[in-house]
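Peer 1: Pasting the sequence and the predicted coordinates here, then a few questions.
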Amino acid sequence: MQGLIRTVIKAWAFLPYHELTNQSRKLGVTSWGLSAAIATKRSTSKHPFSSSTAETNESLQSNDDSLSKADEACAELYFTGGTAPATDILGSISVRNIEGKGLGLVTHREMRPGDLVMAVQPVAILHGPQDAMPPPDALVEHLKASWPTMTPQHRAIVRQMFVGSTTSSIIPESDPKQSTDHYAQAEPPSLTAASAAAAVDFHAVVSYNAYGDAYEDLPSLILRGGGPPRSHVGIWPHFSNLNHACAPNCVHYVVDSVMVVRAVQHIAQGSELLISYLGREDLAPRQVRQAALQSRYGFACDCARCRTEAELPEELEALLEELYDTTRHELALRFEHLASAAAAEAERLDGGGAPYDKYDDGGGAEDTVEGCVDGAGGSASGTAAAAGSGSRPAGSGLTAAEVAKRSLRNQADGFGAPIAGSRLSSLGQRLEECARRLHLALQDLHEDDEVCGDVQASNVQAGGGQQLTSAEAAAGVASPAAVTGSGRQLTRVQTAQAAAYQLLELLHLHAELAAAAAVGTGDVTIAVGTRAKATAAGALQACWHVLDAISRGSELQVFQACKLLSDALQASGYSSSSKRGDANTARRPQSPSLAPQPEVREAAALLGQSLLARYGPLRGQQLTKMTQAAIRASRGFF
Ligand SMILES: C[S@@+](CC[C@H](N)C(=O)[O-])C[C@H]1O[C@@H](n2cnc3c(N)ncnc32)[C@H](O)[C@@H]1O
């Protein structure tokens, strides 16, 4: 279970701009088309989005070309082992006053999922081993030590970083330098490094502005050719201007040392660009998120998701909080007990030393799958091929006993948690009870929600006329029909599903273990195993769709899509590296067909969408490499 929960640690601050003048080129913030990009006007209007249409059109044109160059540069950075771009890349964005938030970033042009917003070098960064992020205090010391040798521009940026109050970050309406560039003022020559240092509260700068992740993102791993993954903590200019939303329209991650931000929704011209400050707590109910934001960043979140969620009936909000606690504590504990019992069972079964190695992957499936998968927006083409690469049809020639052992071992590989039958079924009952309560509560909501009426209908269809269990129904309420992902307003049902995400994830995990148990113990029929598998796949899809509504392009969504694709490939007769076939495929050996199964195509398309949102448009080799790296990383994650 530990592997399921990866925390992203992050602190933030505000950047006041009252001392800025127009010298961005001196600051090394030049970029393709940047002149219009971080125009960072100090608005004279009360309205935060006050650029004229002509100005915006101009910036649109100049930036479209430059941004595709920027994307190419990013791709180089990711895939050829090149060095990071020497200058920062900034899209058509401006700093504006945003009512109730201080400053924020807005876009001057319409953006689509995958569009690059910025790729910026850090002012300061420290790396550490994976899972051992350097502590913020170390960054404070690093900042102090590097201060004398830091460029005057970077010193100016640090001096202007917010250290505890929003009021100073409002751009004065009467500011005569309203068209000046952001971060434009280098330090006055009279200001020595020492005198400037005396005026900087380094602790506050770090605690309000630093961002860190104990894990490295995939492109960095590809870039560095498989070296040991690293953690990082650092401070980046411009990035710190982004305000928070609980269902953001941008995603961010670090490649090597460069902070990359991309749009993950269709964003209208003039809209505010928003990221999430929360990490995994994105998947918590409103009160939990709001308490975290208030205590860590000092503001009361009133984003669209929070407002919609506030409209849920009180009893439902209370239930969501209860389920959140139950899943995090009681149920997580039960999964842990299950994992230890199952590990012991696996060891016992493994005692004979079955020669698993002889079933290692042999390669070959990619030729058959390649080119058959149409991806979302063209970006998933080849995704299935990449996933199937190096694998071969599973199951041929195995006895049922061998397959059972192998299946247990596969589960151990995947989760550190193979099967312990009776504990599994009592855990299943508990989950079923939680799912039933959620399902009933959501049903009431469905009745006065048109969109969700459609979802109900699609659930019935998905069930093939069968009576769905509560668990299946609870998972199914997040069916694709509910979430178009076009950036439209979230429905109340979607916000409730997002708050119950952990339950969905456990339903998936449980169903997957139940499917493996049906094979492993041999005391349950193949039909039961098949049904459990279908439930597992449904719950996993539901997880992906919930994530698509609230944190599209997140690493978690990419990983869930990878899992979907790996499972679909395995079910259709391909293994994907460490995951091998199970009893069902063994009893009904399949040859890889030329046309991928619909499940494979669908899963590849979902992975393509997630990759597109997070990493932008990838082609050919890039997509193949990224897909393979994502699948490898996702195995380590679950
Ligand atoms: C990294 S800064 C973002 C830029 C900042 N707004 C400024 O004026 O420079 C983080 C701070 O912005 C404000 N903020 C961010 N998101 C907000 C939101 N959704 N609502 C209100 N304030 C927000 C909070 O004061 C938060 O501590």
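Peer 2: Sure thing, it's come through.
Peer 1: ok, now how distant is the nearest residue to residue 201 once chain neighbours are set aside from the ligand?
Peer 2: Nearest non-adjacent residue to residue 201, counting by Cβ to Cβ, 6 or more residues apart in numbering: residue 163, 5.1 Å away. C-betas here are computed from N, CA, C, even on glycine. Counting by Cβ to the nearest ligand atom, to the nearest Å, the gap from residue 163 to the ligand is 11 Å.
Peer 1: swap in residue 140?
Peer 2: Distance, residue 140 to the ligand, using Cβ to the nearest ligand atom: 18 Å.
Peer 1: likewise residue 262?
Peer 2: 18 Å.
Peer 1: Now do the SS call for the residue nearest to residue 201.
Peer 2: coil (DSSP: H, G, I helix; E, B strand; the rest coil).
Peer 1: Would you mind splitting this protein into its domains for me?
Peer 2: Following automatic domain parsing, one finds the domains of the chain at 12-277, 314-637.
Peer 1: what's around residue 491, how many residues?
Peer 2: For residue 491, the neighbour count with other Cβ atoms under 10 Å is 20.
Peer 1: mind checking pLDDT for it?
Peer 2: At residue 491, the pLDDT value in this model is 90.
Peer 1: swap in residue 423?
Peer 2: At residue 423, pLDDT is 75.
Peer 1: Go ahead and confirm it touches residue 335.
Peer 2: No - applying Cβ atoms under 8 Å, one finds residue 423 not in contact with residue 335, separated by 9.5 Å.
Peer 1: More neighbours: these two, which one.
Peer 2: When residue 423 and residue 335 are compared for neighbours, residue 335 comes out ahead with 22 against 18, by other Cβ under 10 Å.
Peer 1: How are the helices of the stretch 201-350 of the chain distributed by residue range?
Peer 2: Under the criterion DSSP state H, counting those that start in this stretch, helices of the stretch 201-350 of the chain are mapped to 202-209, 218-223, 286-297, 304-309, 314-326, 332-350.
Peer 1: looking at those, which is buried most?
Peer 2: Greatest average neighbour count among the helices of the stretch 201-350 of the chain goes to helix 218-223 (a mean of 23), per mean count of other Cβ atoms under 10 Å.
Peer 1: Between the helices of the stretch 201-350 of the chain, which one is closest to the ligand.
Peer 2: Closest to the ligand of these, according to Cβ to the nearest ligand atom: helix 286-297, at 3.7 Å.
Peer 1: anything in that closest one near the ligand?
Peer 2: Yes - for helix 286-297, a contact with the ligand is found by Cβ under 6 Å from any ligand atom, at residue 297.
Peer 1: Restricting to C-alpha, output that helix in CSV.
Peer 2: C-alpha atoms of helix 286-297 as CSV (Å, rounded to 0.1, in the frame of the first residue of the first chain):
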residue,chain,number,x,y,z
ARG,A,286,-13.3,19.8,0.1
GLN,A,287,-12.8,20.4,3.8
VAL,A,288,-9.5,18.5,3.9
ARG,A,289,-8.2,20.4,0.9
GLN,A,290,-9.3,23.7,2.2
ALA,A,291,-7.8,23.1,5.6
ALA,A,292,-4.5,22.1,4.0
LEU,A,293,-4.4,25.2,1.8
GLN,A,294,-5.3,27.5,4.7
SER,A,295,-2.7,26.2,7.0
ARG,A,296,0.1,25.9,4.5
TYR,A,297,-0.5,28.8,2.2
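Peer 1: what's next to it, contact-wise?
Peer 2: Contacts with helix 286-297, where a contact means Cβ atoms under 8 Å, 6 or more residues apart in numbering, come from 11-12, 244, 246, 277-278, 281-282, 284, 299-301, 305-306, 309-310, 317, 321, 324, 495, 499.
Peer 1: For ChimeraX, what selects the buried ones among these?
Peer 2: Of the contacts of helix 286-297, the buried ones go into a single ChimeraX selection, burial set by 16 or more other Cβ atoms under 10 Å:
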select :11,12,244,246,277,278,281,282,284,299,301,305,306,309,317,321,324,495,499
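Peer 1: Inside strands: which ones of the contacts of helix 286-297?
Peer 2: Counting by DSSP state E, these place residue 244 in strands.
Peer 1: And residue 116, how far from the ligand?
Peer 2: 20 Å.
Peer 1: Flag every residue of the stretch 301-450 of the chain that's near the ligand.
Peer 2: 301, 303.
Peer 1: got the contact list for residue 603?
Peer 2: Residue 603 touches 384, 561, 564-565, 567-569, counting by Cβ under 8 Å, 6+ apart.
Peer 1: quick check, nearest of these to the ligand?
Peer 2: residue 561 (27.9 Å).
Peer 1: The helix or strand harbouring that closest one - what's its average pLDDT?
Peer 2: Using DSSP states H and E, residue 561 sits within helix 555-571. Taken as a whole, helix 555-571 carries a mean pLDDT of 90.
Peer 1: ok, now stretch 517-532?
Peer 2: Stretch 517-532 comes out at a mean pLDDT of 66.
Peer 1: can you check stretch 221-233 too?
Peer 2: The average pLDDT for stretch 221-233 rounds to 78.
Peer 1: Could you number the chain from 10 rather than 1 from now on?
Peer 2: Shifting the count to begin at 10 puts that one at stretch 230-242.
Peer 1: So for it, first residue to last residue, what's the gap.
Peer 2: 17 Å (Cα to Cα, to the nearest Å).
Peer 1: tally of neighbours for residue 289?
Peer 2: 16.
Peer 1: Ok, residue 576 next?
Peer 2: Neighbours of residue 576 under the rule other Cβ under 10 Å: 21.
Peer 1: Please look at residue 643 and residue 566 and confirm they touch.
Peer 2: No - taking contacts as Cβ under 8 Å, residue 643 lies outside contact range of residue 566: 10.7 Å.
Peer 1: Settle it for me: which of these two has more neighbours?
Peer 2: Using other Cβ under 10 Å, the more surrounded residue of residue 643 and residue 566 is residue 566, with 27 against 22.
Peer 1: Next one: the more buried one relative to residue 271, how far apart?
Peer 2: 13 Å (Cβ to Cβ, to the nearest Å).
Peer 1: Name the residues contacting each of these two.
Peer 2: Common neighbours of residue 566 and residue 271 (Cβ under 8 Å, 6+ apart) are 622-623.
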